[in-house]
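Q: Sequence and computational prediction follow.
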Amino acid sequence: MEERPFSVTKTSGVLTVSGSVDEYAVIALRNAIREHTEDYTTPLHIDLSDADYLPSVAVSVLVTALRSAEQNGTTITLVAEPGTIAQRVLLVCALPYLTSLDGDDSSPSGPSVVA
């Protein structure tokens, strides 16, 4: 399976992650999250549904972002559609996430608190 290049796009409070979030892309992911949350002070949804590859180093960036936002009194919400690679990774790592952005899925899957 050929991995697609990493990219992020932001529209109306949603950061959409696409492609492979490999060890080189994690720096760009961390910077994009930081920039679009104004250093973890404004809420953001991160849609990971289109990610092809999400290794532990990428999960670490997400956990750090979740914790930093919580410490600053705001939220970062992870989104991963059912059956996607991201959904399986988030489930295995016990990270809270929504399965859609449409509002029908108001309660996150997994634990409600990230330790």
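A: Sure, I can see it.
Q: residue contacts, the closest residue to residue 5 other than its chain neighbours?
A: Spatial nearest neighbour of residue 5, chain neighbours left out: residue 19 (5.0 Å); criterion: CB to CB, 6 or more residues apart in numbering. Where you see a C-beta, it was placed from the backbone N, CA and C, and this is true even at glycine. By CB atoms under 8 Å, 6 or more residues apart in numbering, the residues touching residue 19 are 3, 4, 5, 6, 7, 25, 50, 51, 52, 53.
Q: Residue 19 belongs to a helix, doesn't it?
A: No - assignment of residue 19 by DSSP: H, G, I helix; E, B strand; the rest coil gives strand, placing it outside any helix.
Q: Let me know the pLDDT of it.
A: Listed pLDDT for residue 19 reads 97.
Q: Would you mind measuring from it to residue 68?
A: Using CB to CB, to the nearest Å, residue 19 is found at 24 Å from residue 68.
Q: Residue 28 too?
A: For residue 28 relative to residue 68 (CB to CB), the value is 17 Å.
Q: For the nearest residue to residue 93 once chain neighbours are set aside, give me its contacts.
A: Spatial nearest neighbour of residue 93, excluding adjacent residues (CB to CB, 6+ apart): residue 59 at 5.5 Å. Residues in contact with residue 59 (CB under 8 Å, 6+ apart) are 89, 93, 95.
Q: Nearest to residue 38 among the residues you listed?
A: In terms of CB to CB, no member of those lies closer to residue 38 than residue 95, at 22.5 Å.
Q: is it fair to say that closest one lies in a helix?
A: No - Residue 95 is assigned coil when assessed by three-state DSSP, not a helix.
Q: Could you double-check that it sits in contact with residue 62?
A: Yes - counting by CB atoms under 8 Å, residue 62 is a contact partner of residue 95 at 6.8 Å.
Q: Common neighbours of those two, please.
A: Taking CB under 8 Å, 6+ apart as the criterion, residue 95 and residue 62 both touch residue 78.
Q: Looking at these two now, which is surrounded by more residues?
A: Higher neighbour count among residue 95 and residue 62: residue 62, with 27 against 20, using other CB atoms under 10 Å.
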